[in-house]
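J.: quick one, fold the following:
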Amino acid sequence: ATFPDLETNDGRPVLAVGAYGVDPDGAVFMVGLNAGGTASSLQVKIVNAEGSWFGYSVAALPDLDGNGRPEYAVGVVSTGPSQQGAVFVCDLNADGTAATQRKINKDQVSSINNYDQFGSSVAFLPDIDGNGRPEQIMCTWGRDSNRGAAWVVELNADGSALSVIKEISNDDAAISLGVS
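T.: Numbers count the residues shown, from 1 in each chain. Model prediction:
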């Protein structure tokens, strides 16, 4: 995921790079780019102790709360009872660290099952239903013997889940939905 302008990188792009195999629980690194596209010295490490594989997927989001800084979503596929998974929507501080982390899991998306590994893929969607609120697609590849599923989730301004607009199932065993 790319963030165009954080104070710590003098206006050059900053990348959020998921590293789910780092430490015991995974991490996301905020890495600034030099003018030539190589990594600069900025490497902010963001962790979460909720469970393993934090950073399995990462997506940039627009400024949801109006504070002038973007948010991002992080998939954590191995958290919760029996690897149900979760997605965290993180609000950024100006230096690229996470100010807050809002958890979206089975409490908000009730059709998540054990071993679904929700959060295997995340992506921002513009306001597809025309009500002025952005949506996000959140996927699981563990559903139905790895056939996968996806949910279109409407977000509140604080990054929490307002509602599930659509659940997309996969009936084709030859396709693994939710892997990107």
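J.: from here on, just use CA atoms for contacts and neighbour counts.
T.: OK.
J.: all strands of the protein, in order?
T.: Ranges of strands in the chain, per DSSP state E, are 2-3, 14-19, 27-33, 39-46, 51-61, 71-79, 86-92, 98-104, 118-125, 135-140, 149-155, 161-169.
J.: any idea which of those is most buried?
T.: Of all the strands of the chain, strand 71-79 has the most neighbours on average by mean count of other CA atoms under 10 Å, namely a mean of 28.
J.: give the partner strands of it in its sheet and their orientations.
T.: strand 51-61 (antiparallel), strand 86-92 (antiparallel) (DSSP bridges).
J.: average pLDDT for the first one?
T.: What that stands for is strand 51-61. Averaging pLDDT along strand 51-61 yields 86.
J.: run the angle between it and strand 14-19 for me.
T.: For strand 51-61 against strand 14-19, the angle by axes from the mean of the first three to the mean of the last three CA atoms, to 10 degrees is 150 degrees.
J.: report the contact partners of the nearest residue to residue 152 once chain neighbours are set aside.
T.: Closest residue to residue 152 apart from its sequence neighbours, by CA to CA, 6 or more residues apart in numbering: residue 137 at 4.5 Å. Neighbouring residues of residue 137 by CA atoms under 8 Å, 6 or more residues apart in numbering: 122, 123, 124, 125, 150, 151, 152, 153.
J.: bridging residues for the third one?
T.: With DSSP bridges applied, the residues forming beta bridges to residue 124 are residue 136.
J.: any idea how far it is from residue 154?
T.: 10 Å (CA to CA, to the nearest Å).
J.: what's the overlap in contacts for those two?
T.: With CA under 8 Å, 6+ apart, residue 124 and residue 154 have common neighbours 134, 135, 136.
J.: what is the nearest of these to residue 75?
T.: residue 136 (12.1 Å; CA to CA).
J.: residues contacting the closest one?
T.: By CA under 8 Å, 6+ apart, the contact set of residue 136 is 122, 123, 124, 125, 126, 152, 153, 154, 155.
J.: repeat that for residue 33.
T.: 9, 12, 13, 14, 15, 39, 40.
J.: what of residue 142?
T.: Here residue 142 is in contact with 115, 116, 117, 118, 148 (criterion: CA under 8 Å, 6+ apart).
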